[in-house]
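In: Need a 3D model of the sequence below.
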Amino acid sequence: MSAGASRLPEMERASDGGSRYRLRDLFTPLDTLLVSGGDPRLALDAGDRVNAYGCAASPEPEIWNFASSTASTISQAAYDRAALAREELMHKCLFDEVEIAFDARCEDMRDELRGHLQLSPRVDVVFSPSGTDSQLHALFLACTIFGARPVTIVVGADQTGSGTSHTARGHHFSSMTASGVAVRKNAAIAGLAGASLALPLCAAAPGIAMRADADVAVLHAVEATIAQGAPVLLQIMDCSKLGWRAPSAACLEEIGRRWPRKVQIVVDACQARLVRRRLRSYLDCGYMVLMTGSKFFGGPAFSGALLVPKGLSRSLDRIQGIAPGIFDYAGRCDWPIAWTALRSRFERRPNFGQWLRWEAALAEIGSYYAVPGAFRAVMLAELAAGIDSMIALSPSLRSVPAAPNMAGVDDEEFAHATIFPFTLLRDGKPVSIAETAAVHRALARDMSEAISGSAADRQVAAQRCLIGQPVRLERQDETPQAVLRLCVGARLVTEAWSPDRAEAQRNVQHILDRIAHVLVKIELLLDRGAGAAAPVKSAFEV
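Out: Here you go, the predicted structure:
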């Protein structure tokens, strides 16, 4: 008998039974594991086997993906890495306890993520099943830092994840936690519940545009809250569902000068559409940062992380009581190994789905940063110019204005937009929210049977494609409107890169051709009313 075969029964007898069952879980089909360990948004529809974002658990290269502001289908390379990682962990578990081997692998991933993002080893990484879970982790840490429950002020509350309205108040954002605990959505989480304040980014005036007084609104909200004697957890936006960023760096500097040690800033960078230099500057300022591997980087939904500067993590050594509700939202392996006092309070509860989704995301992140920075910048600029032009030329699309003065000296490849929001028009007027949602769903399906035009039209209609889910926007004295989004993600850059300049240029043109194809399909759906025939279930950002 081999050493591995004799070791397994010994490990089982030495455990309380939990290790045996968790090892058995690793033999679950990979597709099932990849959608496990998350909230109900990950569940696959029984019919078409896609989640609420229209994505399957395994690669679907035939689908064109321009939906990285929402969620992406998993690539073959990312899927292969997840499969290999599972095999390697299985092997290690033959010689060590599951929790020990899993913990070591999570720590390796922290090192890898810091390496890709060029972060100091002093930056700690807290993994989670989603960016929404990471918001709760940030709130929990802020409570620890202040020794009291802060008031959460959310900048861009109208353009962040739908769960933020709940997590900002320390309430459950779903009916089931990633750890499998049934809860009541919007009910208070024990020890975390408190007050929050939402600051929208859309201007109050008619139309869709970013408010010009964002800095003033943030300063006023912080000042008023602190005047009432409460500390503040200020969640700022970089960047929103429409690609906007607020408040300004000058505003943040003023907050630091006026209210030192009374405001803890957490950056919503879940879209990951910021350069590494600005990410480092946030952490150097003592801000926590929320990010995911499943938006710009294109890993499978969901994979969240909270980046914590070392100065904040030191306060955890003095931790006393722990909000009991946080135990439903984290296991021991989610916290860095260095946080021994905090980790000791949590259960050993490996989340294999969360881990494998991060393995997949790291494959995408590594591939993106392996592409020369000059090419990344030039390509994203070319795509931005091409997409802007195509939307402007379309009679059925109206682009949403970009936020003013968004680009800065530290934006590098993100000096140009990577999210392109637009509304749908018919006879020059916006179509209904319901039809916008229906068109979005129809884009992901073969609609050739619904199009009675030429063979060329039916070929266009047959192509399945994903774009960013509709964002519902409330507007002053106007009917609410839905905005769709074409998105450029890291995988497009990775797949287009070639050291041969001519080939790389052909690859970029090929992407632009596909985007043009998507826009033509939208035109056909609107012209024929075919979008209205598609179900609207789960069409909105969830």
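In: Tell me where the stretch 201-350 of the chain has strands.
Out: 232-238, 245-246, 263-268, 288-292, 304-308 (DSSP state E, counting those that start in this stretch).
In: Identify the neighbouring strands of the first one in the sheet and state each direction.
Out: Spelled out, that is strand 232-238. Strand 232-238 pairs in its sheet with strand 151-155 (parallel), strand 245-246 (antiparallel), strand 263-268 (parallel), by DSSP bridges.
In: Comparing these by mean pLDDT, which bottoms out?
Out: Of all these, the minimum mean pLDDT falls on strand 245-246 (a mean of 94).
In: circling back to that earlier point, who wins for proximity to Leu393 among the strands paired with strand 232-238?
Out: strand 245-246 (27.5 Å; Cβ to Cβ). C-betas here are computed from N, CA, C, even on glycine.
In: burial of Ala249, as a residue count?
Out: Ala249: 14 surrounding residues under other Cβ atoms under 10 Å.
In: can you give me the helices in the stretch 251-400 of the chain?
Out: Taking DSSP state H, counting those that start in this stretch to define them, one finds helices in the stretch 251-400 of the chain at 276-284, 310-313, 340-343, 352-370, 373-393.
In: that older thread, relative to Ser394, which of the strands of the stretch 201-350 of the chain is closest?
Out: strand 245-246 (26.4 Å).
In: What lies in contact with the closest one?
Out: Applying Cβ atoms under 8 Å, 6 or more residues apart in numbering, the contact partners of strand 245-246 are 155-156, 201, 210, 214-215, 218, 236-239, 403, 406.
In: again with stretch 205-212
Out: In contact with stretch 205-212 (Cβ under 8 Å, 6+ apart) are residues 200-204, 217, 244, 246, 400-401, 403-404, 423, 473, 475-478, 481, 483.
In: so how far is the first residue of that stretch from its last?
Out: Start-to-end span of stretch 205-212 (Cα to Cα, to the nearest Å) is 11 Å.
In: next one: stretch 333-352
Out: End-to-end for stretch 333-352, by Cα to Cα: 11 Å.
In: I'd like the distance from that stretch to the chain centre, please.
Out: 23 Å (Cα atoms, centre = their mean, to the nearest Å).
In: sorry, back to before: do you know which of the strands of the stretch 201-350 of the chain lies nearest Leu466?
Out: Closest of these to Leu466 is strand 288-292, at 17.0 Å (criterion: Cβ to Cβ).
In: Does anything pack onto that closest one? Which helices or strands?
Out: Contact here means 3 or more Cβ pairs under 8 Å, 6 or more residues apart in numbering; DSSP states H and E; on that basis strand 288-292 packs against helix 131-146, strand 263-268, helix 276-284, strand 304-308.
In: Out of those, which gets nearest to Asp103?
Out: strand 304-308 (16.4 Å).
In: give the contact list for Ile236.
Out: Val155, Gly156, Val218, Ala246, Pro247, Leu252, Ile265, Val266, Val267, Asp268.
In: mind running it again at 6 Å?
Out: Val155, Val267 (Cβ atoms under 6 Å, 6 or more residues apart in numbering).
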